[in-house]
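# got a sequence here, can you model it:
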Amino acid sequence: MASTVLSYLPPAEGLLPKWLLMISLLSVGNSVQAYTTLHFTSRVYNPSAIDPPPQTPKHVTGLSSRTFGTWTFLTSLVRLYAAYNITNGAFYQLAMWTFVVAWGHFLSEWLVFKTTKWGMPLAGPIIVSNASLLWMLMQWGYYVKV
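Residues are numbered from 1 along each chain as shown. Here you go, the predicted model:
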């Protein structure tokens, strides 16, 4: 059974391809929840949604949640392809760009648009995107031979 599971892991050495696979699979789950409930997306983008005052605008709608879910699913596909094609410079760069876009998006929603505040729901995506991007930048020469 264990050898069957292991056979589905990316064949390249090192932890980065496995990390990209794991992040990709988690993102698919995030996409599903974005289509099925507003609860988790509202925790990121409307931190007062647990008991909002009547005048508090709700930043998360069904449409915005599904759009976010679609965007997340697309990034998960790019990261999945990169996990299994880690030596391909184009896939590697595209995966890095997904982390740049995610990092920029979450930071701008926090610091520019003020639709979120710092806390656990925001910290996760910012830390994962930042750490993944830095890891990929440091490992470029190991995986991609120009």
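# every contact and neighbour count from this point should use C-alpha atoms.
Noted.
# and the lowest-mean-pLDDT helix or strand in the chain, what's buried?
Within the chain, no helix or strand scores below helix 2-6, which has a mean of 80 by mean pLDDT, DSSP states H and E. If you call a residue buried by 16 or more other C-alpha atoms under 10 Å, then helix 2-6 has no buried ones at all.
# and the next helix or strand after it, how far from the chain's centre?
Following the chain from helix 2-6 toward its C-terminal end, the next helix or strand by DSSP states H and E is helix 16-36. Averaged C-alpha coordinates place helix 16-36 at 7 Å from its chain's average position (C-alpha atoms, centre = their mean, to the nearest Å).
# check stretch 113-124 too.
Taking C-alpha atoms, centre = their mean, one finds stretch 113-124 lying 14 Å from the centre of the chain it belongs to.
# gap between the two ends of that stretch?
Here the two ends of stretch 113-124 are set 19 Å apart, with distance taken as C-alpha to C-alpha, to the nearest Å.
# I'd like the average pLDDT over that stretch.
In this model, stretch 113-124 has an average pLDDT of 89.
# just for this protein, where's the confidence low?
47-57 (pLDDT under 70).
# that one: helices as residue ranges?
The residue ranges that make up the helices of the chain, judged by DSSP state H, are 2-6, 16-36, 39-45, 62-84, 89-111, 120-143.
# and the angle for the second one with helix 62-84?
For the pair helix 16-36 and helix 62-84, the angle between their directions (axes from the mean of the first three to the mean of the last three C-alpha atoms, to 10 degrees) equals 160 degrees.
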